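**Q** I need the structure of the sequence given here:
(one chain, ligands or ions: 1)
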Amino acid sequence: MQPAELNLARYRVRLDSETDFSGWRDAARRLALNDVRPEDIGWHVAPGSDQADLPSVPVGAQLAVPREFIDRAETAFCHSDPGRFAFLYRLLWRLRSEPKLLAIASDPDTRRLETMEKAVRRDSHKMHAFVRFRKIGDGDEERYVAWFEPDHFIVERNADFFVRRFTGMRWTILTPYASADWDGERLAIGPGAAKGDAPAQDDTEALWRTYFENIFNPARLKVKAMQKEMPKKYWRNLPEASLIPELIAGADKAAKDMIARMPTAPAPHHAKVQAKHWPKHEPTEATDDDGASTITELREASKGCHRCPLWRDATQTVFGEGPDNAKVIFVGEQPGDQEDLAGKPFVGPAGKVFDAILDDAGVDRQKVYVTNAVKHFKFEPRGKRRIHSKPNAGEVQACRWWIDREFALIKPELAVALGATAALSLLGKTIPVTKMRGQVIEREDGLRVFITIHPSFILRIQEPAEKDAERERFLRDMKEVKRLMAA
Ligand code: URA
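**A** Next comes the predicted model:
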C-alpha cells in the first residue's frame, strides 16, 4: 500500500515483519469482530514501531474460521505479493458469510489463494534442493554458510527442515531478506545479507560436481524439463552447475553408450504387465521433498521412482502395506517375482511362510506394516524365468529414502529386520544375522531394531528336520516380537 493510501485508511495495522503472521492474525480477528470492512484497513510492515490503536474484541464475541483457512493463509502469507495482507483479510471477511468459499475452485479469490500457496511450496522445494553450504574455518571454528535467493519469504518456514537435515553441523543460510543460523543447539532467525557475505568456494565443490555427474542420466535428458526443475536463476549458486552445458553437449553419445550396456530384455509376460503400469506414472525426480504427508501420498509418489536403475526392468514399485499407525514395521529384502506382478509385498512363497508363522505366533498381519528395503524387483532373466538377484549396497542406499519416509510417517515402536539386507538398510552396516538373531539393536534415533532371518531362508533348506528346526527358531523370534509389541 502506498503511504498516501495508508494515511487515508481508517485503521492502520503495523506488522513487525514480512512474516509476522501472528500479528496479522490478531489484528484481523479484532477487526473482523468489530465489523471493519476490508477497504477501511491499511496494512504495512514497520519493525519496532508502535501499533496504532486497534479496536478490542467485544466481550463474548467469537470468530468462527475454518482451521483450513488458517493453515492455508499461513502458507500464502509467505508469498512476496505486497497485497497479501489485505487479500487474506478480504478472504476472512468473505468466509464469515460464505463458509464454503474455499471449496469453490472457480472463485477468483480461492484461485488466487491456491496460486500463492503453490508458489510458496514450490519455492520451499527449491530451497530444500538447491541450498549449497560452503565450509569456513576448521576444527572448533568449522561452520557452513550458504547463500540462497528465494522468491518468497520462506526462510523461517523452512529452517526446521535444515535443522533436522544438518543437526550435527553449525550452519547459516543467508538470503536477501533474512538469515537462519544453527549453532548446533539453537536456531536463530536474523536479518538479511548480501551475496558477498557468503564464501564463494570450498572443498565440497568438487564433491557436488562428482555427485551431479553420477546422477546425471543422459538418456532422460530433456533440457526444458531440466531447466524447469532447476531454473537457471539457481545455477549461479550451484557448484555443479558449471558441468551442465558440458553434460548436455555430451548427452547423445553417453545415451548411446548406456543403451549398449543395457541388460537383456525381460520375459514377455513381464513386458505386458509393465506396459499396464508405467505409462500411468510420470517419473518422479529424486528430490529432497516428495510433498507427501501420508503413507497413501508417499505410496503414490513412489510409483515413478527412478532413484536407482532397478525401475527399468521391474514391473512396478512394490510399496509397503499395513496400517499407517502400526506399532511395528517388518522389513524384508526386495519384492520377488510374484510381488513384482501383484504390486504387494510378501505375497509369494516366502510371504506364505511368513504369514503362517506370524499366525502361529499370534501376530495379526493386518495390524502390522510390511515393507521391503528395496522397492523394485531385481532379477536375472533365465529363459522364461526371472531369477532373484540380491540388491547391492548402492541400491539399498538409494531406496533408504523411501524406508526413512515410511518410518517417519508411521513412527513405529519397533522395526523387525528380516535378513541381512533389511538390517543393512535399517542400521547402515553389515550385521551377522545368524549370530545376532533375536537381539534388539537401538539406533541413535531411539528406534529399536529386532534382528532375525529372512523367511526365504527356511524355504531354501532341503533337509526336513533342519527345515522344521529353523521354522521353530523363526517362530520363537516372532513370539518375541509379539512380546516386544505388547511391552
Ligand atoms: N522377499 C522379500 O524380502 N520381500 C517380499 O516382498 C517378498 C519376498
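
**Q** use CA for all of it now, contacts and neighbours both
**A** Noted.

**Q** Please report how far residue 477 lies from residue 363.
**A** 11 Å (CA to CA, to the nearest Å).

**Q** before we move on, what about residue 295?
**A** From residue 295 to residue 363 the distance is 22 Å (CA to CA).

**Q** Between those two, which is the more surrounded one?
**A** Remark: of residue 295 and residue 363, residue 295 carries more neighbours, 22 against 19, as counted by other CA atoms under 10 Å.

**Q** Excluding chain neighbours, give the residue nearest to the residue in the stretch 151-300 of the chain that the ligand sits nearest to in space.
**A** Closest residue of the stretch 151-300 of the chain to the ligand, CA to the nearest ligand atom: residue 299 (15.1 Å). Counting by CA to CA, 6 or more residues apart in numbering, residue 299 lies nearest to residue 319, which is 6.1 Å off, once chain neighbours are set aside.

**Q** Which residues are in contact with the one you found?
**A** 299, 302, 343, 344, 345, 371, 372, 375 (CA atoms under 8 Å, 6 or more residues apart in numbering).

**Q** per-residue confidence at it?
**A** According to the per-residue confidence, residue 319 scores 97 in pLDDT.

**Q** Which strand or helix spans it?
**A** Using DSSP states H and E, residue 319 sits within no helix or strand.

**Q** same deal with residue 179?
**A** Applying DSSP H and E, one finds residue 179 within strand 178-182.

**Q** and whichever helix or strand comes after that strand, how far from the chain's centre?
**A** Sequence-wise, the next helix or strand downstream of strand 178-182 (DSSP H and E) is strand 187-191. Its chain's average C-alpha position is 24 Å from that of strand 187-191, according to CA atoms, centre = their mean, to the nearest Å.

**Q** Stretch 336-352 now?
**A** Using CA atoms, centre = their mean, the offset of stretch 336-352 from its chain centre is 27 Å.

**Q** Then stretch 48-56?
**A** 41 Å.

**Q** circling back: which one of the contacts of residue 319 sits closest to the ligand?
**A** residue 345 (3.6 Å).

**Q** My assumption is that the closest one lies in a helix; please confirm.
**A** No - counting by DSSP: H, G, I helix; E, B strand; the rest coil, one finds residue 345 to be coil, located in no helix.

**Q** wait, it sits on residue 322?
**A** No - between residue 345 and residue 322 no contact is recorded; they are 10.2 Å apart, counting by CA atoms under 8 Å.

**Q** Those two - which one has more neighbours?
**A** Comparing residue 345 with residue 322 by other CA under 10 Å, the one with more neighbours is residue 345, at 23 against 17.

**Q** Quick one: residues contacting the nearest residue to the more buried one once chain neighbours are set aside.
**A** Nearest residue to residue 345, sequence neighbours excluded (CA to CA, 6+ apart): residue 339, at 5.5 Å. Residues near residue 339 by CA under 8 Å, 6+ apart: 318, 345, 346, 347, 348.

**Q** Dump those residues into a markdown table; add distance to the ligand as well.
**A** Putting the contacts of residue 339 into a markdown table (distance: CA to the nearest ligand atom, whole Å) gives the following:
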| residue | distance to the ligand |
| --- | --- |
| 318 | 8 |
| 345 | 4 |
| 346 | 4 |
| 347 | 7 |
| 348 | 6 |
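
**Q** and the two most separated of those?
**A** Using CA to CA, the contacts of residue 339 span at most 12.8 Å, a distance reached by 318 and 348.

**Q** These two: who's more crowded?
**A** Neighbour tally, residue 318 and residue 348, criterion other CA under 10 Å: the higher count belongs to residue 318, 27 against 17.

**Q** So the more buried one is in contact with residue 345, correct?
**A** Yes - using CA under 8 Å as the test, residue 318 is close enough to residue 345 to be in contact (6.3 Å).

**Q** what residues do those two have in common as contacts?
**A** The contact lists of residue 318 and residue 345 share 335, 339, where a contact means CA under 8 Å, 6+ apart.

**Q** Residue 98 and residue 41, how far apart?
**A** Taking CA to CA, one finds residue 98 at 21 Å from residue 41.

**Q** Residue 409 too?
**A** 42 Å.

**Q** More neighbours: the two, which one.
**A** More crowded of residue 409 and residue 41, by other CA under 10 Å: residue 41, with 20 against 15.

**Q** Please verify my assumption that that one contacts residue 14.
**A** No - applying CA under 8 Å as the test, residue 41 and residue 14 come out as separate, 10.7 Å apart.

**Q** Might you enumerate the residues of the stretch 301-450 of the chain proximal to the ligand?
**A** Neighbours of the ligand within the stretch 301-450 of the chain, by CA under 6 Å from any ligand atom: 332, 333, 334, 335, 336, 339, 345, 346, 350, 351, 372.

**Q** distance of the fifth one from residue 9?
**A** So that's residue 336. 69 Å.

**Q** what about the two, which has more around it?
**A** residue 336 (26 against 15).

**Q** Let me see the contact set for the nearest residue to that one once chain neighbours are set aside.
**A** Nearest-residue entry for residue 336: residue 377, 5.9 Å, with adjacent residues in sequence omitted and distances by CA to CA, 6+ apart. The contact partners of residue 377, by CA under 8 Å, 6+ apart, come to 310, 313, 314, 315, 334, 335, 336, 337, 340, 388.

**Q** A helix includes the fourth one, no?
**A** Spelled out, that is residue 315. No - counting by three-state DSSP, residue 315 is located in no helix; its state is coil.

**Q** And stretch 171-189, what's buried?
**A** 171, 172, 173, 174, 175, 177, 178, 179, 180, 181, 182, 187 (16 or more other CA atoms under 10 Å).

**Q** Throw these into a markdown table and include distance to residue 405 and pLDDT, thanks.
**A** Listed next are these as a markdown table, based on distance: CA to CA, whole Å; pLDDT from 0 to 100:
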| residue | distance to residue 405 | pLDDT |
| --- | --- | --- |
| 171 | 24 | 92 |
| 172 | 26 | 92 |
| 173 | 25 | 93 |
| 174 | 28 | 93 |
| 175 | 29 | 94 |
| 177 | 32 | 91 |
| 178 | 29 | 93 |
| 179 | 28 | 93 |
| 180 | 25 | 94 |
| 181 | 26 | 93 |
| 182 | 24 | 93 |
| 187 | 24 | 94 |
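
**Q** May I see the residues you listed organised as a markdown table, with distance to the ligand added?
**A** Shown next, in a markdown table, are these (distance: CA to the nearest ligand atom, whole Å):
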| residue | distance to the ligand |
| --- | --- |
| 171 | 40 |
| 172 | 42 |
| 173 | 41 |
| 174 | 45 |
| 175 | 46 |
| 177 | 49 |
| 178 | 47 |
| 179 | 45 |
| 180 | 43 |
| 181 | 43 |
| 182 | 40 |
| 187 | 41 |
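
**Q** I appreciate the help and will end here.
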